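>>> Model the structure of this input:
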Amino acid sequence: MPDVRLCDLRLCPVMRMVPAECVRRVLALVLVWITLAGGAIARVPETAPPDDSAPASESAEPGRKSGSQTPRREDPREAPEHWLRKLARLTSTSPEPHDHSRNHPMVLAAFRDVVKLPSMCTVRVFCGGKQVACGTIVDADGLILTKGSELDGPVVCLLSDGTRHPADLVGSDRDSDLALLKINARNLPTIRWSQGEPPTVGGWVVTPGAEDLPQAIGIVSVAAHRVRGGMLGVQLTEDDPGPRIVNVVPQSGAATAGLRPNDVVTHVDDKPVKDAESLIASTSGSLPGDAIKLTILRRGVRQEVTAVLGSVTDTISSRRARFQEQLGGELSKRRFLFPSAIEHDSILEPNQCGTPLLDLNGEAVGINIARATRVATYAIPSSVVRPIVESLKSRALLNVSLEPQPTSEPASIAPGR
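Okay, the predicted model is just below:
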């Protein structure tokens, strides 16, 4: 194996995946260690550290007797050179650049222990014989959380042990796009939720799959935030009695509905609109594809029009930009309007949503809910998911309690007995 030098860290393919701030922090820690050790890491040998029987160094401290007891050695796994050597071994096996990609099996193997248990809690969800999503087991008695908008028709869940189970829909939450399924199974492994703070920007996150290796690894790019919904496609200015349209985005929902510059919007779905902020709030609370009724004043004449909202990407981006966005693969159909979402750069297919998002302790910090862009995936934070799960669980218990119980009829007595 080639020597590992400190200056070579900037050339390491794995290090190039890490944000610059993280690299600076790692290098700072290494330099601190060098200073404290009173030396420099110029070369990391492959040979084992010298044993206790080796002669004393000529550079021993003044006054130390030769043959005196040497200090206790630190665990070599705690030393920086151990991790430098491990990093070099990970990145020097293959000369091909693509072999150092984040989702290469050798890189994923470093996170095998993180997903060892969560992978047993991850299921694949099928509708009509086609995988449409994944799911996370949240209760040992067969309750599975998944992406609700992808469910269309009879559902079958494939567990990590290879068994298939028909599933019933217990309930769904439209805001988060989460749905709870019920299968006839007992004593299933369940996901463990993180009780700590949500992951910070630059932190590693891991998505398990059905195998012993992660489905994907990534880095948090944006902390939990609200994801906007539908967009009308107009530029507004304040006027009386409501906001006035200055510009209409071509091919937007507003353009299709026939809205024009200088139209004044007074009502949305029969609710008064007094300013631009209230108009934006009334549309961003709806999903792309939802229809809204607008009341406008055009040259002083009251009119009503119906507009179908578009998405931010479809409304603002040009055709070329949208094409480039699609180069990274298919995006989720429902990828907007979430109450809160962690944005990370793991690359997942739409039918891999519903998987848990893990921290490096193997605890779920969220549920992957949408492939949002070419380089971004959204996950609903666990702090939002847990109350939803409890609410949907209560529906499952209510359904069980309302099921008619079999009644035993008295045995008939034969005549003459």
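
>>> Now for the closest residue to Gly329 other than its chain neighbours: which residues touch it?
Sequence neighbours aside, Glu349 is the residue nearest to Gly329 in space, at 6.6 Å (criterion: C-beta to C-beta, 6 or more residues apart in numbering). To be clear about C-beta, it is placed using only N, CA and C from the backbone, and glycine gets the same treatment. By C-beta atoms under 8 Å, 6 or more residues apart in numbering, the contact set of Glu349 is 329-330, 371.

>>> Go through those residues and flag which are in strands.
The strands, defined by DSSP state E, take in Arg371 from those.

>>> before we move on, back to that, how much space separates the residue nearest to Gly329 from Val222?
According to C-beta to C-beta, to the nearest Å, Glu349 and Val222 sit 21 Å apart.

>>> ditto for Ser286
For Ser286, the distance to Val222 (C-beta to C-beta) stands at 23 Å.

>>> Ok, Leu145 next?
Leu145 is 23 Å from Val222, where distance means C-beta to C-beta.

>>> Neighbour count: those two, which is higher?
Neighbour totals were compared for Leu145 and Val222, and Leu145 leads with 27 against 13 (other C-beta atoms under 10 Å).

>>> Surely that one is in contact with Gly366?
No - contact criterion C-beta atoms under 8 Å: Leu145 and Gly366 do not qualify, at 11.2 Å.

>>> list the residues that contact both of these two?
Counting by C-beta under 8 Å, 6+ apart, the shared contacts of Leu145 and Gly366 are Val385.

>>> So for stretch 113-123, what gets flagged as buried?
Of all the residues in stretch 113-123, those buried under the rule 16 or more other C-beta atoms under 10 Å are 114-115, 117-123.

>>> Correction: the previous question concerned stretch 295-306.
Under the neighbour-count criterion of 16+ other C-beta under 10 Å, stretch 295-306 has 295-297, 305 buried.

>>> helix or strand for Asp161, which one?
Assessed by DSSP states H and E, Asp161 sits outside every helix and strand.

>>> Got phi/psi on it?
phi -90, psi 0 (degrees, to the nearest 10).

>>> Also Thr266?
Backbone torsions of Thr266, given as degrees, to the nearest 10, read phi -110, psi -30.

>>> Quick one: the strands in the stretch 51-200 of the chain, in order.
In the stretch 51-200 of the chain, the strands defined using DSSP state E, counting those that start in this stretch lie at 122-127, 130-139, 143-147, 155-158, 164-173, 178-183.

>>> Check the gap between Gly196 and Thr163 for me.
33 Å.

>>> what does Val170 give?
20 Å.

>>> Neighbour count: these two, which is higher?
Taking neighbours as other C-beta under 10 Å, Val170 and Thr163 compare with Val170 leading, 20 against 11.

>>> Go ahead and name everything in contact with stretch 261-273.
If you take C-beta under 8 Å, 6+ apart as the criterion, stretch 261-273 is touched by 236, 239, 241-248, 279, 282-283, 292-299, 302.

>>> at 10 Å instead, please
With contact meaning C-beta atoms under 10 Å, 6 or more residues apart in numbering, stretch 261-273 is reached by 232, 234-236, 239-248, 254, 259, 274, 276, 278-283, 286, 291-300, 302-305, 307.

>>> Buried only: go through those residues for me.
Among these, those scoring as buried are 232, 234, 236, 239, 242-245, 248, 254, 259, 276, 279-280, 282-283, 286, 292, 294-297, 305, 307 (criterion: 16+ other C-beta under 10 Å).
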